[in-house]
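Novice: below are the sequence and a predicted model for it; my questions follow.
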Amino acid sequence: MAYTINLTSGNLLTTIADGTVNSTSTPLTLVGKNYAGYGAFLNTDLVHLLENFNNDTAPTTPLEGQLWWDSSGLGGNLKVRTGTNWRTLGSITANTAQPTAPVVGNAWWDTAEQQLKVYNGTSWVLIGPAFTSNVGQSGFIVGTIVDSDTNNHVAVNVYVQDTLISILSKDSEYTPQSVISGFTTIKPGYNLSTVGNIKFVGAATDADALGSVAAANYARTDEETVFNEIVRISSPNGIKIGSSNNFIINQTGTLTTLYNNILNANTAIVANVGGTPLTAISINGQTGATTITNLSTSGAFITSGFIQTTQGDNATSNSSGALRVLGGIGLTGNLFTSNSIQANGNITVLGRIVSTGNISTDGFLFVTGSQQATGNLNGAVRITGGMSVQGNIFCATNVHAAFLKGAAIQALYGDLAERFQADSYYDPGTVLTIGGPAEVTIENQELSDSVFGVVSTHAGYLMNGAAGSDETHPQVAISGRVPVKVIGKINKGDRLVSAGNGLARAAKKDEISAFNVIGRALESKDTNEIGTVLSIVKFNG
């Protein structure tokens, strides 16, 4: 006779035939009449009921009202079947991920953010705290501060990422009993921490003091103010006078500038000489020419324009100090100085130059007479007369003279180079050969006997220097010390031969000939990649 199984409501659940079992209608195994071994199923069902189907996955074919211990997550949760969902009972869900199939009122402790949240039917609403675990304590925290007299004071503390930045208090000023970093005393109102350069940012309607100085002691901008102490302006923008910044005093680095900002306007420096105004210095606003009433100096004389005179010998150089001109010097007479001469422009003297110090110019030095200096000579030189220098000659550009006499000529760099027209731009160190549509081109052949030279980085002596630029006419080192682009490992002393693609490599003993050796390496290279090594190169003809 089959067993009929009804639900508590009286509705039929299933019918179990004699000698059979049913494990599909519920999570339990239902046993029919006269089934052999029914005891094992009954005992298993009792254990499942006792442990509330303890598992990390939900029971299959559950009945409404059934209990299930969900062992997934932190600590597990007891759930009940409601309709088609499982609802957590008796505890708050604690997990890093939000619970699935929540119902209104479910609570969830987010273990990742360390926050309590409640489900409102559509989303999880944050209960608190307002800050997540990864940002630290942040926000308004109400607490009690004990002062040095053991009195309690309610205060609102404002934290940002575990750092206390401000305290709100309504009580009279007091000193905390325990040290609070950034708050020596607590005053009524909004107290900002003195640690970490925390400031109030925004507009304010009024203030009793600024920087602990009474507001009445600050200067006003709408009326004349008398200063009883030193006025110091730290800004390099300095002082600006006039509605359109007509006169400006500023400083850039160590340079202080007085600037008349009115277009083409003259500028004058006036002295009170015996009660009479005297224009000591006048600057023409259209030409920039400077007129000096009297000039007397025992130090350096500096000008950004030209010094020009027709008054004869010693006209502008009656100075026991240095003569430094940021522009140029033009004289129809002779130039004498007991110190140095320096100019950023050209120096033109129709007479002689005699200097017991250095003569330096960034432009050309044109002298129709002879030149004599006991110090150094720097810059470009063009002399129609003779030149005698007891010191050194340092020339940034060219030297043109009737004769150049000295004990030795010395260059900063170590190769002899000449400019040749190339069919393309080539980097310093590139191995070149004669050929191509221009004069020289890149050497692409390995073990070439036709290597002509190497593109120089800085030539110690450059021939044909005015032929063009480095882009069109590279400096080709044909002898001397120069970096060479190489590939492969190089040992100091190795003989270098062409490797193709404008590169060189170390030569094997059986590869060396009188024509294919470019030069010898002066340093080693330990890698196989392309690089440069300083080498002595030579032209093999």
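Specialist: Noted; the coordinates are in hand. Numbers count the residues shown, from 1 in each chain.
Novice: how is the chain carved up into domains?
Specialist: 1-50, 139-192, 295-401, 415-538 (automatic domain parsing).
Novice: which stretch in those domains is the model least sure about?
Specialist: In terms of average pLDDT, domain 295-401 trails the rest of those, at a mean of 57.
Novice: end-to-end on stretch 517-525?
Specialist: From its first residue to its last, stretch 517-525 covers 18 Å (C-alpha to C-alpha, to the nearest Å).
Novice: now what about it, what contacts it?
Specialist: By C-beta atoms under 8 Å, 6 or more residues apart in numbering, the residues outside stretch 517-525 that reach it are 431, 451, 454, 481, 484, 486, 488-498, 504, 506-507, 531, 533-538, 540. For every residue, glycine as well, the C-beta is placed using N, CA and C.
Novice: from the chain's centre, how far out does it sit?
Specialist: Taking C-alpha atoms, centre = their mean, to the nearest Å, one finds stretch 517-525 lying 38 Å from the centre of the chain it belongs to.
Novice: may I see the buried residues of it?
Specialist: V517, I518, G519, A521, K525 (16 or more other C-beta atoms under 10 Å).
Novice: for the third one, list each beta-bridge partner.
Specialist: In other words, G519. L496, V537 (DSSP bridges).
Novice: measure the closest residue to I490 other than its chain neighbours to I239 for me?
Specialist: Nearest residue to I490, sequence neighbours excluded (C-beta to C-beta, 6 or more residues apart in numbering): K525, at 4.1 Å. Using C-beta to C-beta, to the nearest Å, K525 is found at 59 Å from I239.
Novice: repeat for I233
Specialist: 7 Å.
Novice: next one: E224
Specialist: Note on E224: its distance to I239, by C-beta to C-beta, is 16 Å.
Novice: rewinding a little: for ChimeraX, what selects the buried ones among the contacts of stretch 517-525?
Specialist: The following ChimeraX line selects those of the contacts of stretch 517-525 that are buried, judged by 16+ other C-beta under 10 Å:
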select :431,451,454,481,484,486,488,490,494,495,496,497,498,504,506,507,531,533,535,536,537,538,540
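Novice: tell me where the protein has helices.
Specialist: All helices of the chain, identified by DSSP state H, fall at 38-50.
Novice: could I get the longest strand along the chain in PDB with only the CA atoms?
Specialist: Longest strand in the chain, counting residues (DSSP state E): strand 475-486. C-alpha atoms of strand 475-486 as PDB (Å, rounded to 0.1, in the frame of the first residue of the first chain):
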ATOM      1  CA  GLN A 475      82.500  67.600 -38.900                       C
ATOM      2  CA  VAL A 476      84.400  64.500 -40.000                       C
ATOM      3  CA  ALA A 477      87.200  63.500 -37.700                       C
ATOM      4  CA  ILE A 478      90.100  62.100 -39.800                       C
ATOM      5  CA  SER A 479      92.600  61.900 -37.000                       C
ATOM      6  CA  GLY A 480      92.700  62.100 -33.200                       C
ATOM      7  CA  ARG A 481      90.500  61.300 -30.200                       C
ATOM      8  CA  VAL A 482      86.800  60.900 -30.900                       C
ATOM      9  CA  PRO A 483      83.800  58.800 -29.700                       C
ATOM     10  CA  VAL A 484      82.900  56.000 -32.200                       C
ATOM     11  CA  LYS A 485      79.600  54.200 -32.500                       C
ATOM     12  CA  VAL A 486      80.200  50.500 -32.100                       C
END
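Novice: who's N22 bridged to?
Specialist: Legend: beta-bridge partners of N22 under DSSP bridges are L30.
Novice: correct me, but it touches T29?
Specialist: Yes - using C-beta atoms under 8 Å, N22 is in contact with T29, at 7.2 Å.
Novice: re the thing from before, who's more crowded, E224 and I239?
Specialist: Ranked by neighbour count (other C-beta atoms under 10 Å), E224 and I239 place I239 first, with 13 against 6.
Novice: tell me the contacts of I248?
Specialist: Taking C-beta under 8 Å, 6+ apart, one finds G238, I239, K240, I241, T257, L258, Y259, N261 in contact with I248.
Novice: ok, now G143?
Specialist: The neighbours of G143, taking C-beta under 8 Å, 6+ apart as the test, are V154, A155, N157.
Novice: what sits opposite the second one in the beta ladder?
Specialist: Okay, so that is A155. Beta-bridge partners for A155, by DSSP bridges, are G143.
Novice: okay, now it: neighbour count?
Specialist: 19.
Novice: same check on the first one?
Specialist: For V154, the tally of surrounding residues (other C-beta under 10 Å) stands at 12.
Novice: can you tell me the closest non-neighbouring residue to it?
Specialist: Setting aside the residues directly before and after it, V154 is nearest to T144 in space (C-beta to C-beta, 6+ apart), at 5.9 Å.
Novice: got it, and I127?
Specialist: Per C-beta to C-beta, 6+ apart, closest to I127 is L116, 4.3 Å.
Novice: that neighbour contacts N106, doesn't it?
Specialist: No - using C-beta under 8 Å, L116 is not in contact with N106, being 11.7 Å away.
Novice: from T185, how far out is T175?
Specialist: Distance from T175 to T185, by C-beta to C-beta: 5 Å.
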